[in-house]
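**Student:** coords please:
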Amino acid sequence: MATPEYVLRLRESVGHELLVLPGVSAVIVREGPDGRELLLVRRSDNGQWTPVTGIADPGEDVDTAAVREALEETGVRIEIDRVTWVETLAPQTYGNGDRCQFFDTCLLAHPVGGRAHVGDEESTAVGWFPVSALPPMAERFRRKVAHALSGERRV
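**Tutor:** Predicted coordinates:
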């Protein structure tokens, strides 16, 4: 994900110290001709398929952040159905030495407009995939997707 301007300003003060940031993940589902389909993006930084993800801006609610990220990354306008998962991810260190830990809120959503396309430099591909034939994804995203589709909540 592109680094928000406020995080870049923080980095000027704290260097590579650990930042705890509010993350969002949006599991966006629609009914396709052969059943439910999931909107995924292929990340430009590591080539992995994921749901829409991002960082909430200061003062921004997580649902507003998810709607914004979906539109920016995919061109699809969404409505949030519910919160499905809340977790604190393990700290990670990026190639430049920056350390972050995300407090991530996962939301189930559905499309209300727009056409799926690569919307910014964070992705190399965007597409709708049948839930029964998803591309390989990291285990943490597979868990979030399965949980969101199950109708249960993990908070």
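
**Student:** all contacts plus neighbour counts: C-alpha atoms, from now on.
**Tutor:** Fine.

**Student:** mind listing the helices for this protein?
**Tutor:** Using DSSP state H, the helices assigned to the chain run over residues 5-14, 62-74, 139-150.

**Student:** other SSEs contacting the first one?
**Tutor:** With contacts defined as 3 or more CA pairs under 8 Å, 6 or more residues apart in numbering; DSSP states H and E, helix 5-14 has no helix or strand neighbours.

**Student:** can you give the distance of it from its chain's centre?
**Tutor:** Centroid displacement of helix 5-14 relative to its chain, using CA atoms, centre = their mean, to the nearest Å, is 22 Å.

**Student:** alpha carbons only: can I get it in PDB?
**Tutor:** This file holds the C-alpha atoms of helix 5-14, laid out as PDB (Å, rounded to 0.1, in the frame of the first residue of the first chain):
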ATOM      1  CA  GLU A   5       1.300  11.500   3.900                       C
ATOM      2  CA  TYR A   6       0.700  11.600   7.700                       C
ATOM      3  CA  VAL A   7       2.800   8.400   8.200                       C
ATOM      4  CA  LEU A   8       5.600  10.000   6.100                       C
ATOM      5  CA  ARG A   9       5.500  13.100   8.400                       C
ATOM      6  CA  LEU A  10       5.600  10.800  11.500                       C
ATOM      7  CA  ARG A  11       8.600   9.000  10.100                       C
ATOM      8  CA  GLU A  12      10.500  12.300   9.900                       C
ATOM      9  CA  SER A  13      10.200  12.500  13.700                       C
ATOM     10  CA  VAL A  14      10.500   8.800  14.800                       C
END
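
**Student:** number of residues surrounding the closest residue in space to Gln101 that isn't next to it in sequence?
**Tutor:** Leaving aside its sequence neighbours, Gln101 sits nearest to Pro91 (CA to CA, 6 or more residues apart in numbering; 4.3 Å). Applying other CA atoms under 10 Å, we find 12 residues neighbouring Pro91.
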